[in-house]
Structure formats: structure tokens, C-alpha cells
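Trainee: Below are the sequence and a predicted model; questions follow.
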Amino acid sequence: MSPSETAPPPVEVRLRDLTPPADSVEVVARVVALERREVTRRSDGSRRPLLSGLLSDGTASVRFTWWDPPREGVERGTVLRAVGAEVRAFRGRPELTFGWRTRIAPASEAELPRLTGEELPVRKLRALSANEEGFRVEVRVVRVTARTVSVGEERRVVHEGLLADRSGALAFSSWSDFGLADGETVRVLGGYVGTFRGQPRLVLDERASVTRIPAGDLPPPAEILRAAPQAIASIEDDGGGPSVTAEGIVVGLLPPSGLVYRCPTCRRSVTGGICRVHGQVDGQADLRARIVLDDGTGALTVNAGRAETEALWGVSLAEARARLRELPDPSVLEEQLLETLLGRRLRVRGAGRKDDFGITLDPETIEPVDIDLDAAANELSARLGTGAR
């Protein structure tokens, strides 16, 4: 082959700029998900190793397939440089294939693309979906708190909270301390959308950047927190959300409610002195109410903690324990709690998640709502077509 016929060298491209088909590209990206398996060759029935997963460079996430990967394996979080990769289309999206002609080697964090705010599109929170990245958002910090978590053998601080714009709200987790404060308005870039309990969540790590900006059209915190109640059927259709408001009638309680005992380590409910994670423990007394709320379109469960339960019941933890000493049957306390709550109208705001049992809401606020009996009677009569009397 003459020099003029030599194939051109691979061109380094960002993942968002991949255009199939292409026979030889060069990319630098981080492995964010991977799975190793074997496939059977049709030709001779032998087994061939295969590694597949997701790559990210901050501009996009792209699936990859790596035939005959190294035996020593590849770990999540590794930054790779792949030279001579093929780009193919799969279900309308580009996908990378690493074959025998592809040269792959570890790369450093510094080799990942440097992103600027001007080159990333502005997105609305409600339009973001899982595994998405390569965008910037301009948002209001509704709330933020820090907590310490265990990551393997390491203890790390994660900052969690809620962001909002005119389109809606989105939970976030930040593994770096950007000094965020409740109520301020910021521009965020370099984050990506993960999931937690089935709900999307903006994740910020060391590659993200946060800049303070004027409030502009961003809603004030009070407006966000005073959102009108949604129909429970609508909340269920949406699969819950990081900040939803529902209003309905208390129609029941789910066990365990009332006086419960929790593991001192993980705070899970203890049954017979046994924690399902830590075994035999000395349970710590607590109050809770698993309230079933119905608004006529559907029902959801509200997990009220001690403070909310005491406020709704009018009975403190100390008083509940004193009652139990007089009549040592926890089910009696649950019945007394149900008698107090049954038929009351409540407005609840918090994070909702959907599972096989429907929507469960972890409340930030629970407010009793006075019922106008005359108006309720007139509404019921109108629905029945009889007119008010």
C-alpha cells in the first residue's frame, strides 16, 4: 500500500459528537457502568468474552461493546483512551465497538474534556432524564443539608437537597462542598442525572462547577413550597417526585404505627428485639404513623415520623410509653392513634416514591385542613345530581 493509500489516523472526538457510521475514532472517557459476560460463536460453538456498559466524558453517555477484553478486568471509574474504535447506530443512538484493531490504555483525569458553560445547552429540570449529562441548569436551591455516609471503609460527607426552576423541582446529591445555601440561585454544569429509589437525581462530583447568578425568573422558595396539591392519581402516574403536595382524607393506618422500636444503628423497625440487619439489639422507642391518605382519585401512604405523629396525635412519646405501662398492648395505642386521625383532612408535602404497593410519601410538612361541612355536603349533593338541601 502506498503512503497516499494509508488510512488516516483516528480523530479524537467527544462522545456527544459521535456520528455513525465511523470506522476509526479516538475517545477519552470514564467507565460508569460495565458488565462482563460470554457469548457463543455461531461458527464453532466456542465461548468469547465480552465487556459492555456505559462510557462518559461529561458531554454525553454512550454504550460500548468490548470484544476480548483483558483478563485482569476493568473497574468502574477508570478513565480510558480508545484509539481506532468503531461507531455504529443502535436503536437510533451511537454506540462504540472495541475490536482487535482498537488500542486501549488507561488515561488520566486531566485528559477528559474541559467543559465551559457556553458550550453546554441550558436545560429545564423537568426535561432531564436518567443517565443524561452534558448540560447546564440555572436553579434555585430550595434546601440543602449535609450528612456523613459510609462508602466502603471510608466515611464521606454528602450534601443533599432540592433544586427548582419554573418547570419543577429535582433532588440533588453533591459529593463536593460547593458552599450551597438555602434560597440562593446558581448555575450548575458538569453534573449528571442518576436515580435514587426510581427517581431522577442530579449528581455533582469533583468535575462539576457552581456559579452564583442573579435570581432572574427563578421562583422564590416560598412559592415552591406553597405548590397547589396534585391529584394522587396524577402523582402515581408521574411515579412520585422529589417534591409533591397531596391533600386528602385519612382513611386508615398501616402497621406498624404508634409506638415502635428501632435499631440504634440503622433505625430500622425492630420486631421482638431483632433487627433484620444487626440481629439482637436493644430497641429504642419511637413514634410513627403510616397514614393512608385518599383524595377520591387514589390513595398514598404517608410515613410520618415522631415529630409529625406527636403533633397530629397530641400525645408525646413519653405519654405513649406511660399508657403502654398501664395497658401493655401496643395495638391499643395504634387504635387510639387511628381514632384521632380517621376522617381528618391533611395536606402533605414531601418526596414521593412509587413501588409495587403504590406511592409512599416521606413528608417535610403535614398540615391539618379544616373541612367546611356545608360546602362538602353541597359538593356531594351536586355530584349525586340531587342539589343541596
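Mentor: It's in.
Trainee: my guess is Q336 is in a helix, correct?
Mentor: Yes. Counting by DSSP: H, G, I helix; E, B strand; the rest coil, Q336 is part of a helix.
Trainee: residues contacting it?
Mentor: Neighbouring residues of Q336 by C-beta atoms under 8 Å, 6 or more residues apart in numbering: G258, V315, R323. To be clear about C-beta, it is placed using only N, CA and C from the backbone, and glycine gets the same treatment.
Trainee: Hmm, A320 and the first one touching each other?
Mentor: Same thing as G258. Yes. Using C-beta atoms under 8 Å, G258 makes contact with A320 at a distance of 7.1 Å.
Trainee: These two: who's more crowded?
Mentor: G258 (25 against 22; other C-beta atoms under 10 Å).
Trainee: In three-state terms, label that one for me.
Mentor: strand.
Trainee: what bridges to it?
Mentor: Beta-bridge partners for G258, by DSSP bridges, are R288.
Trainee: Quick one: residues contacting it.
Mentor: L287, R288, A289, A320, P330, L333, E334, Q336, L337.
Trainee: correct me, but the third one touches L333?
Mentor: No. Using C-beta under 8 Å, A289 makes no contact with L333, being 10.9 Å away.
Trainee: who's more crowded, the two?
Mentor: Looking at A289 and L333 with other C-beta under 10 Å, you find the greater number of neighbours at A289, namely 27 against 21.
Trainee: separation between S331 and A320?
Mentor: 13 Å (C-beta to C-beta, to the nearest Å).
Trainee: ok, residues contacting stretch 142-161?
Mentor: With C-beta under 8 Å, 6+ apart, stretch 142-161 has contacts from 141, 162-164, 169, 171-175, 177-178, 180-183, 221, 224-225, 243.
Trainee: residue ranges of the helices in the stretch 1-150 of the chain, please?
Mentor: Under the criterion DSSP state H, counting those that start in this stretch, the stretch 1-150 of the chain carries no helices.
Trainee: For the residue nearest to the spatial centre of the chain, which non-adjacent residue is spatially closest?
Mentor: The centroid of the chain falls nearest to F196 when counting by C-alpha atoms, centre = their mean (3.2 Å). Counting by C-beta to C-beta, 6 or more residues apart in numbering, the nearest residue to F196 once its immediate chain neighbours are dropped is A171, at 7.2 Å.
Trainee: what's around that neighbour, how many residues?
Mentor: Counted with other C-beta under 10 Å, A171 comes out at 20.
Trainee: Just the pLDDT at it, thanks.
Mentor: A171 is assigned 91 on the pLDDT scale.
Trainee: what's the answer for P8, then?
Mentor: 67.
Trainee: now do V203
Mentor: pLDDT for V203: 90.
Trainee: what's the helix or strand harbouring it packed up against?
Mentor: Per DSSP states H and E, V203 falls inside strand 199-204. Applying 3 or more C-beta pairs under 8 Å, 6 or more residues apart in numbering; DSSP states H and E, we find strand 199-204 packed against strand 168-174, strand 192-196, strand 240-262.
Trainee: Next, the angle strand 168-174 makes with the shortest one.
Mentor: Angle, strand 192-196 to strand 168-174, by axes from the mean of the first three to the mean of the last three C-alpha atoms, to 10 degrees: 90 degrees.
Trainee: How about the longest one?
Mentor: Using the same axes, to 10 degrees, the inter-axis angle of strand 240-262 relative to strand 168-174 is 60 degrees.
Trainee: Next, count neighbours for T271.
Mentor: Neighbour tally, T271, other C-beta under 10 Å: 12.
Trainee: go on, P330?
Mentor: The burial count for P330: 18, using other C-beta under 10 Å.
Trainee: likewise A127?
Mentor: Taking other C-beta under 10 Å as the criterion, the count of residues near A127 is 11.
Trainee: For F178, which non-adjacent residue is closest in space?
Mentor: V210 (4.2 Å).
Trainee: Other residues contacting the helix or strand that neighbour falls within?
Mentor: Per DSSP H and E: V210 is located in strand 209-212. By C-beta under 8 Å, 6+ apart, the residues outside strand 209-212 that reach it are G117, F178, L180, E184, T185, V186, R187, V188, L189, G190, L204.
Trainee: pLDDT check: weakest of those residues?
Mentor: G117 (66).
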